[in-house]
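Engineer: Model the following, please.
(chains A and B)
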Amino acid sequence: MLAFAIRRAVWALPTLFGVSLVVFLLTTLLPDPAGADVDASDVVMRERMDELRRARFLDLPRFVNTAPRDVSSRVEECVPHVAAANAEAAYCALRLVQMGGAALPWLLPKLDHLGPVERGRVAVALAPIARRMGIGDERDVANPERAALFWERFWDDRSVDFTEPAVRRGVQRLVQRGTELREQDLVLVDTFALRQVVEAMRRTRDREALVRLSRIAQHVTGRGRVVPTDATPDEARAIVSAWSSWWFVHETDYVNLRGGEKVAASIVQTRYAKWMLGAATGQLGLSTRDGLPLLDKLLSRAPITLGISLLALLVALAVAVPLGVLAAWQRGHTIDHVTGGVMLILYALPTFLVAEILRVRAGGLLVSGVILPVVALATVAVAATTQQQRAAMIEALAQDYVRVARAKGARTLRVATVHALRNALVPTVTLAGVQFPALLGGAFVVEEVFDIHGMGWETLRAIEARDVAWIVGVTLLCALVTTAGLVASDVAYGLLDPRVREAQTRTRRA
Amino acid sequence: MSDHESEPVTPLARPSTKPRIIAPRRPVTPRAAPSIPRKPSRFRSALGRAVSTRLGGAGILLVTMLLLVAVFADILASDLPLACRVGGTLYVLPNVTRPATLEGKDSARIASEATWAIFPLVAHGPQRAPAAQEQPVLFAAPLSAKGHPFGTDRGGRDVFARVVHGTRSYLVFALGAVAASIALGAAVGAFAGLYGGTFDALLGRAIETVSAFPPLVLVMGIQAAVPRATLATLFFAIALTRWPEVARLVRGEVMLVATRDYVLAARALGASPWRVLVRHIAPNVRAPLVVSIVVGISAVVLTEASLDFLHVGTPQAGASWGETMSQFRDAPYAWWLLVFPGVLLFATVIGHNLSAEALREALDPRAR
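Structural biologist: Down below sits the predicted model:
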């Protein structure tokens, strides 16, 4: 049985892939902020725009990255502009400073190949890095002639520190026993240590180490939050996860891709892969309406909507199964006709109309806020399920084994429940799995009518505010829940009916 | 079959009691070979059978009435008269042709300017004319304000006109969206059913993927994500959510029929796949498709009304039941805003459901 359940779950994987593709395509419908006009000389504005685009991975190609960028290629892009002092120079200088220490191993050896004037320009552009590291005389780093010499000497002395093993050791020691000196050592390699720092932050739970690590990270990037010394574990975790999602977006600014990484990057460094990895690890980003993390919002709203839908489904089953059985048993009699007629009418009533009428007419009877919405939502499902149950029961009652059971003298109730119903339930359970998506959609409407602040209510507010991030998140979540529901109903189907299990196993082997 | 019978009878072959087969009235050409009158088409006889059942007849009657309301919406409610003489010019059916000279005038203005005018049942359009003379009566109860049998809504617009014109916009939209989804679904389904293999497997995944989204949520998501939500994007969104159902239906039917002996025989005789599809397979698929269309229309109308109710659907200017019903939420005393569109929506859904059920039974060969 477990094997059957697992097989069914694995079967859902291609569907999940398809779902992710559809939702991803939904995100690409969003307008690109680059469409807005930005003055090329307004470096700060361009930088902000860049950040906006990068947060949505718009700087990456959609599905295949033929030329993944990393720190060395970014340096190569930037240096000629700075050297030529053209219109792009200011922006490129800013980018170089942001890349900081991580760029130096690719940048400094290059200085020799430039002419003396260009060398001076680039060297001066690096001055903020030196200031950040806390080295060099201001007269040296800001003077074109001396700056080049300064950086040349710097590289002669310090290139040994700019190696991965050295940095890893430094970070390890800092985590094990942090001192000011060790922290200072890491500041001296600037952003070159960032990869190790962020990874160490993810690994360690020690608060003091987190404080030091986040302080380094904030110092070298000039952004983000430092873990306060009196932080609660939750607070610390939130800050670390903020750093980790920032790193997820900006990793290639600080890391050079080698061999295998480069090949992997052609797949991983794409908009789709980044978006999907982010979604899979719960980094859905922020809701643009109120700036709260999407995942938190989803987790707080979803239980309300899912709860209403599930309750409605259960209510529908609880009402419909006995009614359907009764109608089938009394086939052709008054009860059958009456239920048939009522169900016909219920089936044609739009959910929002039922909800609206219930809200106005039965508002005084409101015992608890849940009952009316669930009733409104369950109406359509009751109708469909009753008809299905009736048809299945009629078929089951006509089977030979039911006649045998009656012939051998089993009581009516026993025949109906034990013999016929067990088989007649199978299609109903399948229908329940199929109905769940419709109920979920209906819950969106019902929430709006009864002013219940679940996913549907939030979605409508999001549509008003054009908060597409939320809409994408909700669509994804609904699809995941629905798929899970389908898998569950199939497994239940297998539980109820051994033939289904066998058939599945057989077709797989064939 | 009718052209055989209606041909002028030549003097030589006078009408006689003899069977016609003995005296052919014209030389038999290879093209006119069948002289046996064809049976009425399967669909037409099925329609007859569906109408003859009590519930099916009621359903088809409802659908027909709604279609008539949709077609003759302008005759039932319009701000322009059916015919009038204004300033020495005779206008015939200006409510349909909407001449530029009368544009922007409302019924009261025309009534005062015209020598004579015959107005429709209700002399209001779904929108208020820009140059309306009458003061708008907001939230007028039915029959309380002159000329508004179903009352007025928040903007003083006539509810009868909005409901009647809403029928037209909903049915036209639903027909279009269902037609689009049927075309797409049938094409993809037939292809998958005929060729199978990888394409079929891919289609299976695609169908499962689209079915994983709650339809209403996916349509809402698309409407919210596109830069500008219009009726066209809604159309595509709804067609997108509906095609898998059709594709699944057609694929199953095609696969079933494709193994029948007569299809094998046609193939063996060298018929092209296209001919096999059109001549031998399509007639079998037609019946379930008809049912699917009828069910689809009610589903699409329901979806559209829900979206309009939530203000996520079409721009609010057009007449729509959902929009009228949504006004009830701000004015819970104005029951007419909920009841009249609600009754029509209910009639649409139940009418289509009953017709579909009757057609399904009538078209099912096993039920005969």
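
Engineer: Poorly predicted segments of the stretch 101-250 of chain B, please.
Structural biologist: Along the stretch 101-250 of chain B, the parts satisfying pLDDT under 70 run over B:129-134.

Engineer: residues from it in reach of chain A?
Structural biologist: Counting by Cβ under 8 Å from any Cβ of the partner chain, the positions of the stretch 101-250 of chain B adjacent to chain A are B:205-206, B:208-218, B:220-227. No exception for glycine: its C-beta is placed from N, CA and C like everyone else's.

Engineer: let's see 10 Å
Structural biologist: Among all residues of the stretch 101-250 of chain B, those adjacent to chain A (criterion: Cβ under 10 Å from any Cβ of the partner chain) are B:201-202, B:204-227, B:229, B:233, B:240.

Engineer: Which of those are buried? Put it as a ChimeraX command.
Structural biologist: Here is the ChimeraX command that selects the buried residues among these (16 or more other Cβ atoms under 10 Å in any protein chain shown):
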select /B:204,206,207,208,209,210,211,212,213,214,215,216,217,218,219,220,221,222,223,224,225,226,229,233,240
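
Engineer: helices or strands next to the host helix or strand of residue A:119 in the packing?
Structural biologist: Residue A:119 is located in helix A:116-125, with elements delineated by DSSP states H and E. Applying 3 or more Cβ pairs under 10 Å, 6 or more residues apart in numbering or on different chains; DSSP states H and E, one finds that helix A:116-125 makes contact with helix A:71-84, helix A:89-99, helix A:104-111, helix A:138-142, helix A:144-158.

Engineer: Next up, the contacts around the residue nearest to residue B:145 when sequence neighbours are not counted.
Structural biologist: Closest residue to residue B:145 in three dimensions, ignoring its sequence neighbours and counting by Cβ to Cβ, 6 or more residues apart in numbering or on different chains: residue B:137, at 4.5 Å. For residue B:137, the contact set (Cβ atoms under 10 Å, 6 or more residues apart in numbering or on different chains) comprises B:144, B:145, B:146, B:147, B:148, B:151, B:152, B:156, B:158.

Engineer: before we move on, what about residue B:211?
Structural biologist: A:15, A:434, A:437, A:479, A:482, A:483, A:486, B:241, B:244, B:245, B:248.

Engineer: picking up where we left off before, just the buried residues of the helix holding residue A:119, please?
Structural biologist: Of the residues in helix A:116-125, those with enough neighbours to count as buried (16+ other Cβ under 10 Å) are A:118, A:119, A:120, A:121, A:122, A:123, A:124, A:125.

Engineer: for the record, mean pLDDT for that helix?
Structural biologist: This predicted structure assigns helix A:116-125 an average pLDDT of 84.

Engineer: Stretch A:246-259 too?
Structural biologist: Regarding stretch A:246-259, the rounded mean pLDDT is 83.

Engineer: List just the one of the helices and strands packed on helix A:116-125 that sits closest to chain B.
Structural biologist: Ranking the helices and strands packed on helix A:116-125 by their distance to chain B (criterion: Cβ to the nearest Cβ) puts helix A:89-99 first, at 28.2 Å.

Engineer: circling back to that earlier point, now do the SS call for the residue nearest to residue B:145.
Structural biologist: coil (DSSP: H, G, I helix; E, B strand; the rest coil).

Engineer: ok, now the one 10 residues further on?
Structural biologist: Put simply, residue B:147 is coil when judged by three-state DSSP.

Engineer: who's in contact with the nearest residue to residue A:151 once chain neighbours are set aside?
Structural biologist: Of all residues not flanking residue A:151 in the chain, residue A:123 sits nearest, at 5.2 Å (Cβ to Cβ, 6+ apart). For residue A:123, the contacting residues are A:82, A:107-108, A:111, A:114, A:130, A:140-152, taking Cβ under 10 Å, 6+ apart as the criterion.

Engineer: how near is residue A:123 to chain B?
Structural biologist: According to Cβ to the nearest Cβ, to the nearest Å, residue A:123 stands 46 Å off from chain B.

Engineer: Relative to residue A:155, how far out is that residue?
Structural biologist: Here the distance between residue A:123 and residue A:155 works out to 11 Å (Cβ to Cβ, to the nearest Å).
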